[in-house]
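[1] Fold the following.
(2 chains)
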Amino acid sequence: MRRAVLGALALTAAAVALAFLFLPVAAIFLQVPPGRLLHQLTSPVVTDALLVSARTSAIAQALILLLGTPLAYLLASRRFRGRGLVITLVELPLVLPPAVAGLGLLVAFGRAGLLGTSIPFTQTAVVLAVAFVASPLYIRQALAAFEAVDPDVIAASRTLGAGSTRTFFRVVLPLARGGLAAGLALSFARGLGEFGATIMFAGSLQGVTQTLPLAIYQEFSVDLDTALAMGALLVVISALLLLVLKLVLSWQPSRRTSSFVFARSS
Amino acid sequence: MATLSADFELRLRSFELRVALEVERTVALVGPSGAGKSSVLRAIAGLVHPVGRIALDADVWLDAAICRAPDERRVGLVFQEYALFPHLSVRRNVGYGGRARVGELLERFRISHLADARPGELSGGERQRVALARALARDPGVLLLDEPLSALDAHTKDAVRLELQELLQTLELPTLIVTHDYEDAAALAGTVGVIVDGELRQLGTPRELLAEPSDAFVASFTGANLLRGSVRAHAEGLTRIQLESGEDVYSTDRAEGDVGVVVYPWDVSVGRARADGSALNVIHGEIASVAQLGNRVRVRVGPVTAEVTAASAERLELARGGTAFVMFKATGTRLVPLRTVTRA
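    Numbers count the residues shown, from 1 in each chain, chains lettered A, B, ... in the order given. Next up, the predicted model:
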């Protein structure tokens, strides 16, 4: 009897939680007929924002890949004093409030800031804001992926006559590939949704710095349908990213059950 | 044939590893786990960096001025768990270090039919053949085998040991093997070194290690009984030793102070009654265990293990819990110093 009650309670709680998580997403698609949504996507605000988001995301993720991969590999393969501290510093932007990130970027790169540049409120500023908040997700995942490569396999490659560069490209990279792709997908999703740091550091100038999330924020008080159309678009892109992430992780002969572990810091 | 000479020191976590070796044919280093055996191979391969000198004939890999990278030393290292590349086929694993002889090596190690398989699909024995083929494809000047038999189940092990024996005989390569199993070492190598806590205690043929163990550890590692005691007297060419368990035994070896009395199980006989003989050591004790090994039976009586034929074990009705006499000649014993006996 008591067990039946408990079971029913658990089921109800689960149903409420599921409904709560699903409802807002469904509402975006139910509010306006699909035809209208598609039509709204052709409005100049949307196409401009889409272009800015696509451009800045592509450049930011390319930068993250290019600079983050060597950093993650060095952190994974070297043991040195202060390594734990460096890893913590890398992870810090992840837990930093976006407004603080934006503020930090402003006082670092602003005209009156530390480096005194004219970057703020340009498209470059959007790229930097995205790279700042999203890169820790990639670096952490890449670090874990590199650490999971059996050191004996790397040593075997060396004793078989391959130098460290050849070993990296023929053994380490192929074995860590799945983890790197997963990290990039996470970082891409985070960067695409970036709002707080961007609006502080880059502003919201249509066609220049106005990304999809910023355009949604601007449009939702002007033209709700357009905001909803962009929202729907982001839901679809995010869902696709999640799907890719899950596929990538299930391909791997994975030793890891979660894609979201904090990298070991020692 | 080339000679590998290795003379180096390497600081390990809890002790210093010291090795001085000349490897011309096959040498096996044997010792308990944690003795630093694998580090010897890794040092020769260039994966860890000791201080000293390592050279293959005139080709110096390490000395005060030179430290070649692993890829610039001509070693074929076969890792304990094989360390095959999981993302590459057997053919590409074997061809990783050198493409020229892949076909021939796949044939020779009977893995041609597995050429397109991934390492994950192979059995332990097959993986080892792939690892050996891969190491040889690189055309090494030295072959290094890390515990070549320990990752295999007992059933495969005997077959693989025979295969390895044949392979090592046909290869004209200086080969260094490390293993924790004395029998494997003696079966595979002409020279066996016993290494404990990073120190090479004795280096010799398996026969020499049995006949003249340099200390108590070497003796117990080669399978001997080691009875601890103190020398009490010398008379008529015999040394009388009082064992810690109280009995007196006699040896034809001379020694003083605390000693280990070494006697091999196959030099010990078992009886129901005390047999008389002037040079005979006799110990009476409870039968602690009876274990069959092929057509031989190992019986432990008190502190002594004896090896007798299955027939005589049956005739004597040896069973756990009963008592028996074990007997061995004074000439069948060796007295060895009781230096730090770490683990036996």
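
[2] By proximity to chain B, which residue of the stretch 101-250 of chain A wins?
    Closest residue of the stretch 101-250 of chain A to chain B, CB to the nearest CB: A:Leu160 (3.4 Å). In short, each C-beta sits where N, CA and C put it, glycine included.

[3] For that residue, report the pLDDT, please.
    pLDDT for A:Leu160: 97.

[4] Isn't it up against B:Asp139?
    No: checked against CB atoms under 8 Å, the pair A:Leu160 and B:Asp139 is beyond contact range at 10.6 Å.

[5] more crowded one of these two?
    Residue environment comparison for A:Leu160 versus B:Asp139 gives the larger neighbour count to A:Leu160, 26 against 13, counting by other CB atoms under 10 Å in any protein chain shown.

[6] For that one, which residues are in contact?
    Taking CB atoms under 8 Å, 6 or more residues apart in numbering or on different chains as the definition of contact, the neighbours of A:Leu160 are B:71, B:96-97, B:134-135, B:138.

[7] let's see 6 Å
    Shown in contact with A:Leu160 (CB atoms under 6 Å, 6 or more residues apart in numbering or on different chains): B:96-97, B:138.

[8] Relative to chain A, which of those is nearest.
    Nearest to chain A among those: B:Gly97, at 3.4 Å, using CB to the nearest CB.

[9] Shouldn't that closest one be within a strand?
    No: residue assignment for B:Gly97, taken from DSSP: H, G, I helix; E, B strand; the rest coil, gives coil, which places it outside any strand.

[10] hang on, it packs against A:Gly161?
    Yes: with contact defined as CB atoms under 6 Å, B:Gly97 reaches A:Gly161; the gap is 4.9 Å.

[11] Please enumerate the shared neighbours of those two.
    Applying CB under 6 Å, 6+ apart, one finds that B:Gly97 and A:Gly161 are jointly contacted by B:Arg138.

[12] Contact residues of chain A facing chain B?
    Within reach of chain B by CB under 6 Å from any CB of the partner chain, chain A has these residues: A:152-153, A:155-156, A:158-163, A:174-175.

[13] number of nearby residues for A:Ile216?
    Here the count is done by other CB under 10 Å, and A:Ile216 has 22 residues near it.

[14] Please list all residues in contact with it.
    Residues in contact with A:Ile216, defined by CB under 6 Å, 6+ apart, are A:227, A:230-231.

[15] what about the residue in the stretch 151-300 of chain B positioned nearest to chain A, how many neighbours?
    Here the residue of the stretch 151-300 of chain B nearest chain A is B:Ala151; by CB to the nearest CB that distance is 12.2 Å. Per other CB under 10 Å, the neighbour tally for B:Ala151 reads 19.

[16] Let me know the secondary structure of it.
    coil.

[17] Show the pLDDT at it.
    Note on B:Ala151: pLDDT of 81.

[18] Tell me how far it lies from B:Val90.
    Per CB to CB, to the nearest Å, B:Ala151 is found 17 Å from B:Val90.

[19] ok, back up a step: going through the contacts of A:Ile216, which ones are buried?
    Neighbour counting over the contacts of A:Ile216 (16 or more other CB atoms under 10 Å in any protein chain shown) leaves A:227, A:230-231 as the buried ones.

[20] Filter those down to just the ones in helices.
    Among these, the residues falling in helices (DSSP state H) are A:227, A:230-231.

[21] What ranges does the stretch 51-200 of chain B have for its strands?
    Taking DSSP state E, counting those that start in this stretch as the criterion, the stretch 51-200 of chain B carries its strands at B:51-56, B:59-62, B:75-78, B:142-146, B:175-179, B:191-196, B:199-204.

[22] neighbouring strands for the fourth one, and are they parallel or not?
    Based on DSSP bridges, the strands next to strand B:142-146 in the sheet, each with its direction, are strand B:75-78 (parallel), strand B:175-179 (parallel).

[23] I'd like those strands laid out as TSV, including mean pLDDT and mean neighbour count.
    TSV is the format used below for the strands paired with strand B:142-146 (pLDDT from 0 to 100; neighbours: other CB atoms under 10 Å in any protein chain shown):
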stretch	mean pLDDT	mean neighbour count
strand B:75-78	96	26
strand B:175-179	95	25
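
[24] With distance to B:Pro32 as added columns, please give those in a markdown table.
    As requested, the strands paired with strand B:142-146 are arranged in a markdown table below (distance: least, CB to CB, whole Å):
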| stretch | distance to B:Pro32 |
| --- | --- |
| strand B:75-78 | 21 |
| strand B:175-179 | 11 |
